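Visitor: Got a predicted structure plus its sequence, pasted below:
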Amino acid sequence: MQNPQLNSDHTKLDVASFITHIPRQRDFLIEAMHCIHDAFGCITRNHLAFLANEFQVSKAETFEVAVFYDHFQIDHPQNAIALCMGPACRMAGAEAIYLNLHSQGSKPSEASCLGACNLAPAAMFNNSRFAPFIKLDSEAKGEKKPINLTSQSLTLPVPLSAEQILAALESAELRGFGGAGFPTAAKWRSVIAAEGKPYVVVNADEGEPGAFKDRYCLEQAPEKVLTGALVAASVVGAQAIYFYIRNEYYDLIDKLISVAETLVAFYPGITFHWRRGAGSYVCGEETALLESIEGRPAIPRHKPPYPAQNGLFGMPTLVNNVETFYWVYEVLVNGPQWFADQGLRGEKGVRLYSVSGRVSKPGVFHAPIGITLAELIEDYCGGMAADHTLQAYFPGGASGGVLPASLADIPMSYRALENFGASLGSASVIVLSQHDNVQDVVTQFMKFFSLESCGQCAPCRLGTVEASSLLTQPSLDLRQSNNLAELMEIASICGLGQGAGRLLMTYVKHFFGGK
Amino acid sequence: MPNGILFELDGTSVVASSNETILDCALRLGISIQHQCCHPEKELPRPGRCRSCLVEVEGERVLKASCREKPRAGAKVFTASDRLQNCRETLASLSKGGPSRKSIDDSHPALILDRDACIQCGLCVYACRDIQGQDVLGLANRGNHMEVVFDLDTDIKSSDCVACGQCIEVCPTGALRSKAYSKISNESSIRSTDIICPYCCVGCSIKVEVSDNRIVNASALEGPTNKGRLCVKGRFGLDFVQHPDRLTVPLIRIEGVPKSAEFSDWRTVFRETTWDEALDFAATGLRRLTDKHGPDSIALFGSLKTCNEDGYLLQKLARIAFGTNNVDHPTRLCHASSTAALLESVGMGAPSSQISECSRADVIFLIGANPSTSHPVAGSFIRNAVRSGSKLIIVDPRGQPLDRFASHILRFKAGTDVVLLNALIGIIIEEELIDRSFIDEHVDGFEEIANRCKDFPPTMAADICGVEIDLLRTIAREYATAKAAMTIWGMGMTQHTHGTNNIRSLISLALICGHVGRPGTGLYPIRGHNNAQGAPDSGILPHYLPDYQPVASPEVRKKFEAAWGRSIPEKPGLTMIEVMKAIEDGNIFGLYAQGANPALCMPGLEKVRNALASLEHLVVQDIFITDTAKYADVILPAAALLEKEGTLTNIDRRIQITHAAMSSPGEARPDWWIIQEIANRCGVNWSYSCPEDVFEEMRHLMPSITGISWSRLEREKSIQYPCKDSDHLGTPFLFENGFNTSNRRARLVPASSWKPGSITSPEFPLIMTTGRTLEHLTGTMSTRSTVLNALDPIACIRMNADDMKLLNLNDNDPVLVRSREGSIETLVKADPALAKGLVFAPYCLSALPSNKLTSPAMDPSSRTAEMKFSAISVERSSNPVKFTYSSALADESNHVPLPTYSPC
């Protein structure tokens, strides 16, 4: 293969016109790639050589970035239609649609979960998500309240000091809603304690299969999320908020920017920076997200140091999930007591559950922490879908593990689920019935992990591939699966490999009576 | 607990220091923990990716990579447990993997990438990017598809890889490995030796492994200058020593065979002989001439490739055995202008600093030098410095690989250096950015400089030099206001008829800003060959005895005469170009060329070669039949650097010892031995038994190195002179406490002229500049290396693509290149680094003797020729209708105009 050099002025002029507004800084490299990709439908090697020159990075670095992110097609444009192959969409017949389209000569690409599980089967056309295959039921679509940006909704009703805010979050026992469940106030305090000019990062890279509650927050209450982030920035002393939104949700960006423009007036000195993801599940991991913002492949960093000490651009950084900022707002407006009191079975608080699969009414629900699956299905989802009986469920998307119907009555809390080897994660509850093959879904998830693995550490890079292959054997080798699951769960660098281990481990444990 | 962290490792109490990881502690205590992707013994990052070094820490949910994990006080760490055992076994079974799915990239002459052996640790990428700053390697794709790529995933050969081989050095699995050199036949027969690289003056330390007298591998040592780095030449280019062209026996010209370079088989010109006959013949021939025509009827040319001891003996031979000071060597043609100007201003001709100071400089001012190509390892330190925040200002008519690291690039018109530098000085003075207190304390002659630069008002200078006035001002300000600036120059500055004036201006620029004598500063002429610093130091100079002690001084002569027991002629001798002139004029009849190749390296080669052919007696001592040896009466086969021991002096004034890694082919002998044999046939009685004897004599006569004994060098490997006594540690910076002049003050000397000797005309409208290529430095050696030749096999000139279009030339077309001095036929290639009107030619290749085109017009002070500026024409050589560049260019506005302004 020829090594492209920059010798064509034509290419140079052509491409340059699409990125005139992009600063030539490393952290804008992915933004520049988006501009080119939007214009050409792909990025060619000549474009990459051009970008290398413009951004003063090596050709290899532009290549590493471009091929790391799924969204970027190299040299050849892909079909503009991408079908969602997330769990709910598969259950809703996405595979059949895919095969059907294929047989008609159209070659749609496959997307991992688009975060439209309540609208399954979903698809994406030229960067916009839609659900073209079923008649949209207005209820499932979710009622969009018009957002009323009154001064009341823009500022907190009671002006609070930083310490009062932290105390409120502590008293509410608010934990992060991204998956790890780390106490929010503690995270904020460690950023405050660290030396350097801090940053706040909003993680809107909701990529967990079955998760669409961040999307819900951004659609229904962007002012709350953004206010939460602004409050966080004020408390930790950050002047810049990086808002990293997954490419699949980029249709919301204009709305978010316009809401933010109104809000920042009340928080002088704080600026939003918008960053568009490019298709990488591992970006949900906070350090991978930081790498991505800095314009590199999203390869998670070793911890320590933690982002709170050494995060974005080497500075103390507060990374919180969209939903976390949403609840920060709610806690501060309604008081910590209001929040904490809603918990069940000794748990404190309330959260958003993304429920998809075989329930009558999939969607995002405000429900107490500590609720059981059975209650969630009955009280919020209108019960199981007709003709479906609960067989198994995934309490926290692909990475939270899988549990059998017999465990539908345990509280869905971090502590309780841990006893069964599972994790609540982002509370993306996927419900399977007798019509579903649990092993098929587990296998799909494992393949998803192997495709999304960044590749840096051996247990995840090799283990997810091996596990996918074990799961497709006629009979599952339980000993080997168990060993492999343990290796991934305790030897991987980041949560992706650990989640893959958890998935296999819970499957072997609960569905084969493995140890 | 004083200075340590107490924890428990497998039940034993251990104290870790604050930067020790668990793995470090375990290895220190002899507890083995398997590890794959890190080199705990080296200063490299720990990728922590293979996960084979995992340990269990009590109370932790997950296992910890012991290579990165620092123990916490009181922690209980286990290197063995059932859980660990299980994980290790499972991991090992995964790593074995299935059948090969990935390709082996075997496209490159020196490197192999075997992707199946790769464990995705990323150390090669670190080596490529962060150590060498080359940025070719990447780790692309994700998951199980993650793999090492070159550039945009091209094969190695087509990539921008410069084959420095740093990736090989760090690769833990041999996925990236060398395929250079001979295959190892017998592992137990391998002997490894520490040598100093025979190529450039950076003086990298190399470990050479030899089996059955064949090189099987070369790798980087943690040398004081190279710090574990090498370039393509040092790593892959050493096999020239075992090339079949090596001289193995002495040769004498067959009687009656006329002197001409036109022969293909040397056996038709020379006959093999014994050392005795050859040495007698060589010595007698020279003595006959001095007896007949007087001592100054012969000349001796030394080498900048051989050791200090060899050079010292050669000049001693000239002076006391033949009674002439006609002894010189090829640094005359490269950095003599630097030496002349530095001696005049600051009292010492060597670089005042060291290359590693770049890391402490906030501005690096690089002018007329291309270190990435000519001194690749030095280039890597400049790239490192830029990455860690230094600003790089590049001033050069030609583009270069470092350009992409530069904060400012000033591409000015070739030959207008004095104007440019004086304009910079003028701006700095005008804007009051000078370091007044430094000048008051340390500098004489400021007023003269201030007056001279008035002759070069910035606007006019910008016009003459073809640069933007604003850029000129920006650069002046950046340089002057830097806290510490390194001033680095190469032969782009020195090889001009105004070379000394260039350096005088550069010294003035640095000194009025106070950028000398402190960390991060330095006047740094970046010298060429491996002993380009040591050769002049050791006295192979017509005006100076060793250590730049003037031969004209009676006291100096007295000191040397006392030591040598013979009288030394008082009259300074002739420089290389003057010797050639004297041969033409019938005043010199004999020449002893020890490792010098005037028939390739001197300007105006046609005349030089004719002069060499006309000599009555030419003795050539070398490792190959060089262009010069073709005219020889007798050829003495010398040992190559890898086959002998001795000292070399590098770019940082470091004296370093090199050792014999292998034995010489046939009867080839070390230079010092041959010179001694000649001397002993000329009536002096020398009995040096080894280079150590010579060096010990040298240091007692050379105040700068008196404190450096051979045994100390063996022990310490490297010492930077001046080093006055055995307790002195050596001198990284010169001029920390004043200059090396009688009043301790620097004396600025205004430039007296600036016009190039060669001028363009309608007949010769292009300007040729010369230099090295990455692979070829000392073409006699590099073209005989398998890898270097394979990487850069075609000798060609390079031009601007637009100029080629005008001449209807395509890449690799044959061209006739003419100048007022002569002509050559060669091939041409387009090169974006060249501005319109500028042509580049390599100067060290027999196949492309570009010095046939250069003019012997000399700088009056340094006697260096104007080899960086030659007016030439280029035309297609096979085209019957002559299409000359001049007619096509008649109304081209970009045509480099004749310099018309003369202030002097």
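Guide: Thanks, I have the structure now.
Visitor: from here on, contacts and neighbour counts on C-alpha atoms
Guide: Noted.
Visitor: Surely B:Ile651 and B:Cys204 touch.
Guide: No: the criterion here is CA atoms under 8 Å, and B:Ile651 misses it with B:Cys204 at 10.3 Å.
Visitor: mind listing what the closest residue to chain B within the stretch 151-300 of chain A touches?
Guide: At 8.7 Å from chain B, A:Pro297 is the closest residue in the stretch 151-300 of chain A, using CA to the nearest CA. For A:Pro297, the contact set (CA atoms under 8 Å, 6 or more residues apart in numbering or on different chains) comprises A:64-65, A:68-69, A:288, A:291.
Visitor: Equivalent analysis for A:Met412, please.
Guide: A:369-373, A:395, A:424.
Visitor: mind running it again at 7 Å?
Guide: Listed by CA atoms under 7 Å, 6 or more residues apart in numbering or on different chains, the contact set of A:Met412 reads A:369-373, A:424.
Visitor: now B:Ala127
Guide: B:Ala127 sits in contact with B:166-167, where contact means CA under 7 Å, 6+ apart.
Visitor: Checking it next. Helix, strand or coil?
Guide: helix (DSSP: H, G, I helix; E, B strand; the rest coil).
Visitor: mind listing the helices for the stretch 351-500 of chain A?
Guide: For the stretch 351-500 of chain A, applying DSSP state H, counting those that start in this stretch gives helices covering A:373-375, A:414-418, A:438-452, A:458-471, A:478-491, A:495-511.
Visitor: can you tell which of those is closest to A:Ile19?
Guide: Of all the helices of the stretch 351-500 of chain A, helix A:438-452 sits nearest to A:Ile19, with 28.7 Å by CA to CA.
Visitor: So which bits of that closest one are buried?
Guide: A:438, A:441-452 (16 or more other CA atoms under 10 Å in any protein chain shown).
Visitor: tilt between that helix and helix A:458-471?
Guide: Relative orientation of helix A:438-452 and helix A:458-471, computed by axes from the mean of the first three to the mean of the last three CA atoms, to 10 degrees: 150 degrees.
Visitor: helices or strands next to helix A:438-452 in the packing?
Guide: Applying 3 or more CA pairs under 7 Å, 6 or more residues apart in numbering or on different chains; DSSP states H and E, one finds that helix A:438-452 makes contact with helix A:458-471.
Visitor: any idea of the mean pLDDT for the helix it packs on?
Guide: Mean pLDDT, helix A:458-471: 96.
Visitor: where's B:Thr373, which helix or strand?
Guide: B:Thr373 is located in helix B:371-374, with elements delineated by DSSP states H and E.
Visitor: What is the burial count for the residue lying closest to B:Lys630 once chain neighbours are set aside?
Guide: Nearest residue to B:Lys630, sequence neighbours excluded (CA to CA, 6 or more residues apart in numbering or on different chains): B:Ala261, at 5.4 Å. Per other CA atoms under 10 Å in any protein chain shown, the neighbour tally for B:Ala261 reads 17.
Visitor: B:Ala261 and B:Ser782, how far apart?
Guide: Separation of B:Ala261 from B:Ser782 (CA to CA, to the nearest Å) stands at 21 Å.
Visitor: do B:Ser188 as well
Guide: Relative to B:Ser782, B:Ser188 is positioned 30 Å away (criterion: CA to CA).
Visitor: Comparing the two, which residue is more hemmed in?
Guide: B:Ser782 (23 against 8).
Visitor: Roughly how far does the more buried one sit from chain A?
Guide: Taking CA to the nearest CA, to the nearest Å as the measure, B:Ser782 falls 26 Å from chain A.
Visitor: Quick check, that residue in contact with B:His776.
Guide: Yes: look at B:Ser782 against B:His776 with CA atoms under 7 Å: they come within range, at 5.4 Å.
Visitor: Need the three-state assignment for residue 208.
Guide: With no chain named, the answer covers chain A. Going by three-state DSSP: A:Glu208 is coil.
Visitor: That was the other one, I meant chain B.
Guide: strand.
Visitor: Might you report the residue contacts of it?
Guide: By CA under 7 Å, 6+ apart, the contact list for B:Val208 reads B:192-194, B:215, B:217-219, B:661.
Visitor: and those residues, which of them are in helices?
Guide: Among the contacts of B:Val208, DSSP state H puts none in helices.
Visitor: Include pLDDT, neighbour count and distance to A:Tyr249 when you put those residues into CSV, please.
Guide: Listed next are those as CSV, based on pLDDT from 0 to 100; neighbours: other CA atoms under 10 Å in any protein chain shown; distance: CA to CA, whole Å:
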residue, pLDDT, neighbour count, distance to A:Tyr249
B:Ser192, 96, 18, 61
B:Thr193, 97, 18, 62
B:Asp194, 97, 21, 61
B:Ile215, 96, 24, 60
B:Asn217, 96, 23, 55
B:Ala218, 97, 24, 54
B:Ser219, 97, 20, 52
B:Ala661, 97, 23, 65
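Visitor: Return the residues in contact with residue 211.
Guide: Let's take chain A. Residues counted as contacts of A:Ala211 (CA under 7 Å, 6+ apart) are A:115, A:354, A:397, A:428.
Visitor: if you could check chain B rather than the one you did, that'd help
Guide: So B:Ser211 contacts B:184, B:189-191 (CA under 7 Å, 6+ apart).
Visitor: With just CA atoms, put the stretch of helix or strand A:Ile97 belongs to into CSV.
Guide: A:Ile97 belongs to helix A:94-103 when assigned by DSSP H and E. Taking C-alpha atoms only, helix A:94-103 is exported to CSV below (Å, rounded to 0.1, in the frame of the first residue of the first chain):
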residue,chain,number,x,y,z
ALA,A,94,-34.0,-6.4,14.2
GLU,A,95,-32.2,-9.4,12.8
ALA,A,96,-35.0,-10.3,10.5
ILE,A,97,-35.2,-6.8,9.3
TYR,A,98,-31.5,-6.8,8.7
LEU,A,99,-31.7,-10.0,6.7
ASN,A,100,-34.7,-8.7,4.8
LEU,A,101,-33.0,-5.5,3.8
HIS,A,102,-29.9,-7.4,2.9
SER,A,103,-31.8,-9.7,0.6
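Visitor: Flag every buried residue along that helix.
Guide: A:94-95, A:97-98.
Visitor: count of neighbours near B:Tyr548?
Guide: A count of nearby residues for B:Tyr548, using other CA under 10 Å, gives 21.
Visitor: before we move on, what about A:Leu344?
Guide: A:Leu344 has 19 nearby residues by other CA under 10 Å.
Visitor: Thank you kindly, that will do.
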